[in-house]
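Student: I would like to see how this sequence folds:
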Amino acid sequence: MTGKVIDSSANRILILILPIAFLIVVLVKAWPFLLALLLISISWIVWQQYQWKQWSQKVNPFFNQLIKENQGCLTPLDLSVKANLSGAAAKRYLEKRAEEFGAQRRVYEDK
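Tutor: Next up, the predicted model:
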């Protein structure tokens with residue numbers, strides 16, 4: 001009886017050890033690739049943030065002017081016409097700025 005109990009617990013331990021050992025072997029062999037993937041991902045994120053900052057600096061003067069002219073109410077159409085942007089780009093910009101300022105979006109129904 002005790003021999004069976006020992007075999008059973010040994011099987012359970014092997015079931016846990018084998019996947020862990022496999023994972024360790026994969027990590028030891030693939031760490032350069034994983035490190036390269038991590039560096040590429042970080043570089044991509046930093047590049048996107050840099051591009052957003054550069055683009056925002058070009059659009060900010062139009063945004064600030066429209067905010068003053070329209071007393072704080074601004075639509076993506078206003079910004080896209082004034083700054084010569086696509087509608088999607090203007091909407092994305094306004095959503096980011098609304099998050100930044102804690103602004104609330106109002107939906108007006110067509111008349």
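Student: give me the residues contacting the host helix or strand of residue 80.
Tutor: Secondary-structure assignment from DSSP states H and E places residue 80 in helix 76-83. Among residues not part of helix 76-83, those counted as contacts by CB atoms under 8 Å, 6 or more residues apart in numbering are 58-59, 62-63, 65-66, 70, 85-87, 89-91, 93-94. Every residue, glycine included, has its C-beta placed from N, CA and C.
Student: in that helix, which residues are buried?
Tutor: 76, 78, 79, 80, 82, 83 (16 or more other CB atoms under 10 Å).
Student: quick one: which of the contacts of helix 76-83 sit in helices?
Tutor: Using DSSP state H, the subset of those located in helices is 58, 59, 62, 63, 65, 66, 87, 89, 90, 91, 93, 94.
Student: among those residues, the buried ones, what's the ChimeraX command?
Tutor: Entered in ChimeraX, the line below selects the buried ones among these, by 16+ other CB under 10 Å:
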select :59,62,63,66,90,91,93,94
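Student: export the ones in helices among the contacts of helix 76-83 to a markdown table and append columns for distance to residue 17 and pLDDT.
Tutor: Formatted as a markdown table, the entries for the ones in helices among the contacts of helix 76-83 read as follows, by distance: CB to CB, whole Å; pLDDT from 0 to 100:
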| residue | distance to residue 17 | pLDDT |
| --- | --- | --- |
| 58 | 58 | 93 |
| 59 | 57 | 93 |
| 62 | 62 | 93 |
| 63 | 59 | 92 |
| 65 | 66 | 93 |
| 66 | 64 | 92 |
| 87 | 57 | 90 |
| 89 | 54 | 92 |
| 90 | 57 | 92 |
| 91 | 53 | 91 |
| 93 | 53 | 92 |
| 94 | 55 | 91 |
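Student: looking at the ones in helices among the contacts of helix 76-83, which one is closest to residue 40?
Tutor: Distance ranking of the ones in helices among the contacts of helix 76-83 against residue 40, using CB to CB, places residue 89 first at 25.9 Å.
Student: so residue 11 versus residue 57, what's the distance?
Tutor: In this structure, residue 11 lies at 64 Å from residue 57, with CB to CB, to the nearest Å as the measure.
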